[in-house]
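[1] model the following, please.
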Amino acid sequence: MEIIFFTSLLIIILPFCIDLLTGELPATIHPVVWMGKSIEKFKPVFLTESPIKNRFMGFFMTMFLIFVFVGGFDAVLIISSFNQILYLVLAVLVLSTTFSVKYLLRSACEVGENLSEDLQKGRKSVSFLVSRDTSNLSSQEVVSATIETLTENLTDSVIAPLFYTFIFVLIGLFAVSSSQSVPSEFINHSYQIPILLAVTTGLIYRVVNTLDAMVGYKDPENIDIGWFPARLDDCFNYIPARLTGLLMVVSSFITSLDYKQAWNIMLREAQNTPSPNSGYPMAAAAGALNVQLVKPGVYTLGNSNVPLTNEKIDESIKLSKVTIYLFLMTIVIILLIVLFCSF
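    Have a look, this model is predicted:
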């Protein structure tokens, strides 16, 4: 059982470390880039004129892409299972593409650096991160947009993938540990079960999240075909978003920010956003930083106690880092407790 727990721990820590240290894989071999291109290619195939059929087509497109990517990568893993090291390396590389820690933090940092040089540079930099028109944003609006996208994507890019990887690693561990009178060949390869479950879940989440990012809009073209992946993404992020908000409150205490305000604003204003999930980390961050985050005509979060300056971007990055490390540390501690209780 020691090897099973050891590899289960590695399958969570190593992908995170690889993404944090090296960032994204080259676009030519990045699974998420392949997902995006596949969506662009197959969307016209599934798109029809009937609103009812379009919702069904959104369901079929989601299932099709899950089958292609999850089935494809799982098949590669199963084929590679003759060698433990090869199996683990492939699994780690695939899972590392479901996180986006370094890119997320670096993008926010670059906006701050560009904004400190020139407002137009800041507008241009943040335009790559948000869907709103940034051409006429003020300096404070650029800062607000940066903090909003950083904290909102903390759920999608880091906490949710880690959360589901952890949950299904635990499920795999309990499944293996509860097996009785199994053949020796099963025991020899049982370390693969938590890993395969983690990769499968991580890929499913990333397919759904990518679909939501590309077709989950209410414009005439996407409103029907994007309905199912958008709702499924909301379901997947329901717990992680609230967990992210809670972790940010704890992290604001650790970083000597206003944790009481973070808690109060999250409880009071998390539902101000159109999304049922994104408001939790954003509202918690607004409270912790004592600022007001505004997307004109859409939502307002927090109180404008302190001006939105470049320093607030730095504080939000620090808050996000502590939130990420706090969650990772919690996962590792729980796994170690499970390991200790198993022997």
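[2] in the stretch 201-343 of the chain, which spans are strands?
    Applying DSSP state E, counting those that start in this stretch to the stretch 201-343 of the chain gives strands spanning 293-295, 299-301.
[3] want to throw the ones you listed into TSV with distance to residue 139 and mean neighbour count?
    No exception for glycine: its C-beta is placed from N, CA and C like everyone else's. TSV is the format used below for the strands of the stretch 201-343 of the chain (distance: least, C-beta to C-beta, whole Å; neighbours: other C-beta atoms under 10 Å):
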stretch	distance to residue 139	mean neighbour count
strand 293-295	14	23
strand 299-301	18	21
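[4] format those strands as TSV; extra columns: mean pLDDT and distance to residue 307.
    Formatted as TSV, the strands of the stretch 201-343 of the chain follow (pLDDT from 0 to 100; distance: least, C-beta to C-beta, whole Å):
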stretch	mean pLDDT	distance to residue 307
strand 293-295	94	13
strand 299-301	95	16
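[5] need these in a markdown table (columns: distance to residue 96).
    A markdown table is the format used below for the strands of the stretch 201-343 of the chain (distance: least, C-beta to C-beta, whole Å):
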| stretch | distance to residue 96 |
| --- | --- |
| strand 293-295 | 30 |
| strand 299-301 | 32 |
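[6] so which of the ones you listed gets nearest residue 264?
    Of all the strands of the stretch 201-343 of the chain, it is strand 299-301 that lies closest to residue 264, at 11.9 Å by C-beta to C-beta.
[7] okay, helices next: where are they in this protein?
    Secondary structure of the chain (DSSP state H): helices at 2-22, 31-46, 51-79, 84-96, 101-117, 119-127, 139-154, 160-177, 184-189, 192-215, 227-254, 259-269, 279-289, 310-341.
[8] deepest-packed of those helices, please.
    Mean neighbour count (mean count of other C-beta atoms under 10 Å) peaks for helix 279-289 among these, with a mean of 30.
[9] for the record, mean pLDDT for that helix?
    Averaging pLDDT along helix 279-289 yields 97.
[10] rewinding a little: minimum distance to residue 296: which of the helices of the chain has it?
    helix 139-154 (8.2 Å).
[11] just the angle for that closest one relative to helix 310-341, thanks.
    With axes from the mean of the first three to the mean of the last three C-alpha atoms, to 10 degrees applied, the angle from helix 139-154 to helix 310-341 works out at 10 degrees.
[12] what about this protein, any weak spots by pLDDT?
    For the chain, applying pLDDT under 70 flags the ranges 1-2, 49-53, 179-189, 342-343.
[13] perfect, that will be all.
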